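> the following comprises the amino acid sequence and a computationally predicted model.
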Amino acid sequence: MGKDSKKRIPVSDLDEILRVVKEKKSDVEVNRDYNSIVMKKGSKTFKVNKKGIVKGSMPLHSFNTQRAESLEIGEDEIEVHYESGDYVFKI
């Protein structure tokens, strides 16, 4: 898989999320525990856990959902797919 391609990763698959983040986002600080992954870049923070809770914050706005199903991780964004739509978080 090249750096430009994206695939949907279930939020329950933290190992795969971590692998893809490390592959594509070398400039992002990544921390993982058993239930979640937290990514930080400057003042931006993005957190996802196995149960589908996603929290993203950056200057001037934030995003939260408790029903995320999957993520697509790109070079400068993370697309969150959840029950009522999609959200693109720039990181």
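Sure thing, it's come through. Residues are numbered from 1 along each chain as shown.

> can you give me the helices in this structure?
Ranges of helices in the chain, per DSSP state H, are 14-24.

> now the residue nearest to the spatial centre of the chain: how far from I91?
Geometric centre of the chain, nearest residue: I78, 5.2 Å, by Cα atoms, centre = their mean. Computed with Cβ to Cβ, to the nearest Å, the distance linking I78 and I91 is 6 Å. C-beta here means a position set from N, CA and C on the backbone, and glycine is covered the same way.

> cool, and E29?
11 Å.

> now do G56
Separation of G56 from I91 (Cβ to Cβ): 8 Å.

> overlap of the contact sets of these two?
Overlap of the contact sets of G56 and I91 (by Cβ atoms under 8 Å, 6 or more residues apart in numbering) consists of K44, F46, I78.

> list the contacts for the residue nearest to the last one when sequence neighbours are not counted?
Spelled out, it's I78. Computed as Cβ to Cβ, 6 or more residues apart in numbering, the closest residue to I78 that is not its neighbour in sequence is F89, at 4.8 Å. Going by Cβ under 8 Å, 6+ apart, F89 touches F46, G56, M58, F63, E77, I78, E79, V80.

> again, only using 6 Å
Neighbour list for F89: F46, G56, I78 [criterion: Cβ atoms under 6 Å, 6 or more residues apart in numbering].

> likewise I53?
Each residue near I53 by Cβ under 6 Å, 6+ apart is listed here: Q66.

> the one 10 residues further on too?
For F63, the contact set (Cβ under 6 Å, 6+ apart) comprises G56, Y87.

> any low-confidence regions in this protein?
Across the chain, the ranges flagged by pLDDT under 70 are 1-4.

> 90 instead, please
1-6, 24-27, 60-61, 75-76, 83-84, 91 (pLDDT under 90).

> most remote residue from the chain's center?
What lies farthest from the middle of the chain is L60; by Cα atoms, centre = their mean that is 18.9 Å.
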